[in-house]
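In: Return a 3D structure for these sequence lines:
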Amino acid sequence: MKKVAIIRCQQTEDMCPGNTDFKVAKEGKLAFEETGPVEVIGFMSCGGCPGKRAIARAKLMVERGAEAIVFASCISKGNPIGFPCPHYANMRDAIIKKLGPEIQIIEYTH
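Out: Okay, here's the model as predicted:
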C-alpha cells in the first residue's frame, strides 16, 4: 500500500476536518483510483499564504516515509470555499523541484 502525505489549505482548517480526504484515500476512490487504497501518514497545512512552508513540510513528510505528496482539493479545486489557491501552481512546482521526480504528486483528493 502506497504511503501518502496530504497538504491542505490553512485557511480552510476551521471549515473542513479532512474527513472526505481520508475516506477517499482509504477507499481508493476519486484521485486514488489509479493507486488503489493508500495509507495517509501525514496531514499538514501549507503554512498559510503564499504556501512557502509547504515545501519544507513536504520534504519532512517524505523523510518520514511518504511516497507521494497529495494536494487536498481545498488547494487545487477550492473546496469547500469555492476559491482555489492562487499560489497552487508555484507551490506544486517548488515541491517537485525540491523532492525530485521520484516522488509522485497527486493534484487533488476529491
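In: Is Val24 in contact with Glu33, as I believe?
Out: No - at 9.2 Å, Val24 does not count as touching Glu33 under the criterion of CB atoms under 8 Å. No exception for glycine: its C-beta is placed from N, CA and C like everyone else's.
In: and these two? which has more neighbours close in?
Out: Val24 (20 against 10; other CB atoms under 10 Å).
In: tell me, what residue is most central in the protein?
Out: The centroid of the chain falls nearest to Phe71 when counting by CA atoms, centre = their mean (2.5 Å).
In: Would you confirm that that residue contacts His87?
Out: No - applying CB under 8 Å as the test, Phe71 and His87 come out as separate, 11.3 Å apart.
In: Just the helices from the chain, written as ranges.
Out: Taking DSSP state H as the test, the helices found in the chain are 19-27, 53-63, 73-76, 88-99.
In: closest one to Ile7 among the ones you listed?
Out: Ile7 lies closest to helix 53-63 among these, at 5.3 Å (CB to CB).
In: Return the alpha-carbon coordinates of that closest one using PDB.
Out: Taking Å, rounded to 0.1, in the frame of the first residue of the first chain, the C-alpha atoms of helix 53-63 are listed here in PDB:
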ATOM      1  CA  ARG A  53       6.100  26.300   4.300                       C
ATOM      2  CA  ALA A  54       4.600  23.600   2.200                       C
ATOM      3  CA  ILE A  55       8.000  22.900   0.600                       C
ATOM      4  CA  ALA A  56       9.700  22.100   3.800                       C
ATOM      5  CA  ARG A  57       6.700  20.200   5.100                       C
ATOM      6  CA  ALA A  58       6.500  18.000   2.000                       C
ATOM      7  CA  LYS A  59      10.200  17.200   2.400                       C
ATOM      8  CA  LEU A  60       9.700  16.300   6.100                       C
ATOM      9  CA  MET A  61       6.800  14.000   5.200                       C
ATOM     10  CA  VAL A  62       8.900  12.300   2.500                       C
ATOM     11  CA  GLU A  63      11.700  11.900   5.100                       C
END
